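> here is a sequence with its predicted model. Questions after.
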Amino acid sequence: MMGPVTGWVLAGGGSRRMGRDKAQLAWADRTLLDWAIQRLRPICASVQILSSDSAHARPGIARVPDARADSGPLGGLVAGLRASPTAWNLFLAVDMPRVGGAALRRLLAEASGECTAVAYLVGEQPQPLVALYHRRAQVALEAALAAGQWRMQDRLHALKTKLIPLMQDHPDFSNVNRPEDYPAVPVRVLLFASFRERIGFSDREMVFPDTAALRNWLITVHPPAESMPYRIAVNQEIVAEDIALQAGDVVAVMPPFAGG
Amino acid sequence: METQSPKTKSLISGPITPDRLAELMAKHQSETGTGAHCVFLGQIRADRAGEHAVVSITYSAYEAMAEQVIRDIRAAALAKFPDLHAVHIYHSLGNVKVGEASILVTVSSAHRKPVFSSLEWIVDECKHRLPIWKQEHLNDGSHRWVGEKPG
């Protein structure tokens, strides 16, 4: 039994390659920052934001500044572990919107007393910014921060990390670094029947790059959908495979049909 | 050839009433080349749900898509069964009580054989392809979505 977990959004600073603040980009029906909070909330006892930027303040959520300016995500991680009320801490980078609730829950399920961290290994690449850290990791991370060893992937190797292997280039682990990584467009999302009743709207403008991202949103806000043969129609045509969305598309999310 | 005009709405608010069938019969009396009609009328059954029974069903639909799918099914039926003279499809939306009808499909041809096989095919297509959902209301005041696990 691992006890309560604190969720931490690594909101980051300004992005040079993106040219604007990634945390404020739109995703689903909110910003990337708020989407990260929405994914962490159901599985964490509390959620806090790691950011030195006052634009990242959210009502009712603590915001913790980085431990050291310009130290990258390591400074955020150390600040989080210093401030955390719990032994286990789930960190989520704001620019990884495709990592869904199921992948986050799996990190928690794989934790044990023998490890200091749990992370995904995507091909050869460990993913330190969607990962679970025990407070035992703090000493080693403080030392690395003081020594200027800021490369996070090396830090994971130095800890007792349980790595969960995933295939190379797993699409859920693509992050948003450059404007071309962010092809999300405004679409109109229609919900029907039980989805409308449980999720609470029938027709809303939302922002997604493709139907895979929309399905990820659906099972995050309504987990029973995962085990249901629901269908998606784009402009009234049912799509058999995930497709990229175009601005203005009408996307219907439909529970199993029951006419007659 | 007489068939439902593309402008006619196939989705009807409330139950399908007997006068709609009478109207169809009257309309076809001028079609003197027609020798056979076959009618499928779906009626709300008082299914049991544990200790309770269904008293009514509320239908909802993705209306624009459902109307288009009905037009597609009708066109596909006329292509697949070239002996058909006419195809009519109506489906209820909103609340329909036990004993009332919620779907009406009719097909017409010169002779009886084509109407039996084509009618079954069209009703199956409607069941599988129409973006329509139903919520059963039970006599204890509760409701449940049909075709989904409770949750």
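Now that the structure is in, tell me what you want to look at.

> where does chain A have low pLDDT?
For chain A, the stretches with pLDDT under 70 are A:1, A:13-19.

> list, one by one, the residues from it near chain B.
By Cβ under 8 Å from any Cβ of the partner chain, the part of chain A that sits against chain B consists of A:190, A:192-194, A:197, A:224, A:227-228, A:233, A:236, A:252, A:254-260. In this view, the C-beta of every residue, glycine as well, is placed from N, C-alpha and C.

> pull out the buried members of these.
Listed as buried from those are A:190, A:192-194, A:224, A:228, A:233, A:252, A:254-260; burial here means 16 or more other Cβ atoms under 10 Å in any protein chain shown.

> buried residues, stretch A:4-11. List them.
Within stretch A:4-11, the residues scored as buried using 16+ other Cβ under 10 Å are A:5-11.

> centroid-nearest residue for chain B?
Of all residues in chain B, the one closest to the mean position by Cα atoms, centre = their mean is B:Ile103, 2.7 Å from it.

> which of the helices or strands spans that residue?
B:Ile103 belongs to strand B:101-109 when assigned by DSSP states H and E.

> ok, whichever residue of the stretch 101-250 of chain A sits closest to chain B - contacts?
Closest to chain B within the stretch 101-250 of chain A is A:Ala193: 3.6 Å, counting by Cβ to the nearest Cβ. With contact set as Cβ atoms under 8 Å, 6 or more residues apart in numbering or on different chains, A:Ala193 has these partners: A:254-255, B:60, B:133, B:135, B:145, B:148.

> among those, which lie within strands?
A:254, B:60, B:133, B:135, B:145 (DSSP state E).

> please name the strands paired to the lowest-mean-pLDDT helix or strand in chain B in the sheet, noting orientation.
Lowest on mean pLDDT, DSSP states H and E among the helices and strands of chain B sits strand B:48-49, with a mean of 88. For strand B:48-49, the paired strands and their directions (DSSP bridges) read strand B:52-61 (antiparallel).

> and the partner strand, which residues are buried?
Within strand B:52-61, the residues scored as buried using 16+ other Cβ under 10 Å are B:54, B:56-57, B:59-61.

> out of these, which is nearest to chain A?
Among these, and counting by Cβ to the nearest Cβ, the member closest to chain A is B:Ser60, at 6.2 Å.

> would you agree the closest one is in contact with A:Phe192?
Yes - when contacts are counted by Cβ atoms under 8 Å, B:Ser60 is listed as touching A:Phe192 (6.7 Å).

> mind listing the shared neighbours of these two?
B:Trp133.

> do a quick rundown of the helices in the chain.
Chain wasn't specified; assuming chain A. A:32-40, A:73-83, A:101-110, A:138-146, A:152-158, A:193-199, A:211-221 (DSSP state H).

> not quite, I wanted chain B
B:18-28, B:63-80, B:112-129.

> could those go into a markdown table alongside mean neighbour count?
Output for these, formatted as a markdown table (neighbours: other Cβ atoms under 10 Å in any protein chain shown):
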| stretch | mean neighbour count |
| --- | --- |
| helix B:18-28 | 13 |
| helix B:63-80 | 18 |
| helix B:112-129 | 17 |
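
> need the ones you listed in JSON lines (columns: distance to A:Leu104).
Listed next are the helices of chain B as JSON lines, based on distance: least, Cβ to Cβ, whole Å:
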{"stretch": "helix B:18-28", "distance to A:Leu104": "53"}
{"stretch": "helix B:63-80", "distance to A:Leu104": "34"}
{"stretch": "helix B:112-129", "distance to A:Leu104": "36"}
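
> same list (the ones you listed) but as TSV, adding mean pLDDT.
Output for the helices of chain B, formatted as TSV (pLDDT from 0 to 100):
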stretch	mean pLDDT
helix B:18-28	94
helix B:63-80	97
helix B:112-129	97
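
> of all these, which lies closest to A:Ala147?
helix B:63-80 (60.5 Å; Cβ to Cβ).

> I'd say B:His128 and A:Phe257 touch.
Yes - using Cβ under 8 Å, B:His128 is in contact with A:Phe257, at 7.1 Å.

> quick one, what contacts B:Met25?
Residues near B:Met25 by Cβ under 8 Å, 6+ apart: B:His37.

> just the closest residue of the stretch 1-150 of chain A to chain B, please.
For the stretch 1-150 of chain A, Cβ to the nearest Cβ, closest residue to chain B: A:Pro42, 15.3 Å.

> show the contacting residues for that residue.
With Cβ under 8 Å, 6+ apart, A:Pro42 has these contacts: A:Gly101.

> now with 10 Å, please.
A:7, A:101, A:104-105, A:220-221, A:223 (Cβ atoms under 10 Å, 6 or more residues apart in numbering or on different chains).

> likewise for A:Val176?
With Cβ under 10 Å, 6+ apart, A:Val176 has these contacts: A:15, A:17-18, A:22, A:25, A:27, A:32, A:93-98, A:182-184, A:209.

> thanks again, I'm all set now.
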